[in-house]
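**Q** build me a structure from this.
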Amino acid sequence: MNNLELKKELLNKCLEIQQDAAITAKEASEEMQESANEYGQPSDRYDSYRAQLLKKKDFHSEQYEKAKREISILERIELHKIHNTVKLGSVVITNKQKMFISISLGKVKINNDDFYAISTQVPIYKAMEDLEKGDKFVFNGNNFIIEEVF
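**A** Numbering: from 1, shown residues only. All right, here's what the predicted structure looks like:
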């Protein structure tokens, strides 16, 4: 598998994970709203069950909005572009781990290889931002060497 194919696989897997998260959050939000509507108005001022349902609905709505924002970040990644430096959309292979600079999803398995999908907001990204193949950086007392960037 060449570098562009690998990048495409990583992006598609991340999109799939985020789209599933968005669907799950939206369905949960709708379910909480439906339950609150079925319950009706509180029977007295100490009846907080409906308020709890609406609070859960708001939580799931926020999760849905977050998932949509992260999907839009993934959609901005240019698949055809090979990067020489570490930036959004880069696949970074170091002597210790493999990373896909996109959104924070944690471990993503592609063809029995573990990649870590990380966002541009995490500290390890800040430590290697704009570095290129062969560059070294230190993060949490660990020495990293960038073996490949694409």
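
**Q** now the helices for the protein?
**A** Applying DSSP state H to the chain gives helices spanning 3-39, 49-75, 123-128.

**Q** does residue 85 really touch residue 128, like I thought?
**A** No. Look at residue 85 against residue 128 with C-beta atoms under 8 Å: they stay out of range, at 9.4 Å. Any C-beta I mention is one placed from the backbone N, CA and C, and that applies to glycine too.

**Q** the more surrounded of the two?
**A** Between residue 85 and residue 128, counting by other C-beta atoms under 10 Å, residue 128 is the more crowded of the two (23 against 15).

**Q** which pLDDT value belongs to the more buried one?
**A** The score at residue 128 is 98. That number is its pLDDT.

**Q** my guess is it meets residue 146, correct?
**A** Yes. Using C-beta under 8 Å, residue 128 is in contact with residue 146, at 6.8 Å.

**Q** which neighbours do the two share?
**A** Jointly contacting residue 128 and residue 146 under the rule C-beta atoms under 8 Å, 6 or more residues apart in numbering are 86, 92, 135, 137.

**Q** which strand residues bridge the last one?
**A** This means residue 137. Under the criterion DSSP bridges, residue 137 forms beta bridges with residue 144.

**Q** next, count neighbours for it.
**A** By the measure other C-beta under 10 Å, the count of residues near residue 137 is 17.

**Q** please apply the same query to the second one.
**A** The burial metric for residue 92, expressed as a neighbour count using other C-beta under 10 Å, is 27.

**Q** got a list of what it touches?
**A** Contacts of residue 92 (C-beta under 8 Å, 6+ apart): 86, 98-101, 128, 146, 148-149.

**Q** and it, bridged to which residues?
**A** Beta-bridge partners of residue 92, as defined by DSSP bridges: residue 99, residue 149.

**Q** tell me the pLDDT at it?
**A** 98.

**Q** could you list the low-pLDDT ranges of this protein?
**A** The model of the chain has pLDDT under 70 over residues 42-47.

**Q** got the domain ranges for it?
**A** With domains defined by automatic domain parsing, the chain comprises 3-75, 91-149.

**Q** end to end, how far does the longest one reach?
**A** Okay, so that is domain 3-75. Domain 3-75 has an end-to-end distance of 19 Å (criterion: C-alpha to C-alpha, to the nearest Å).
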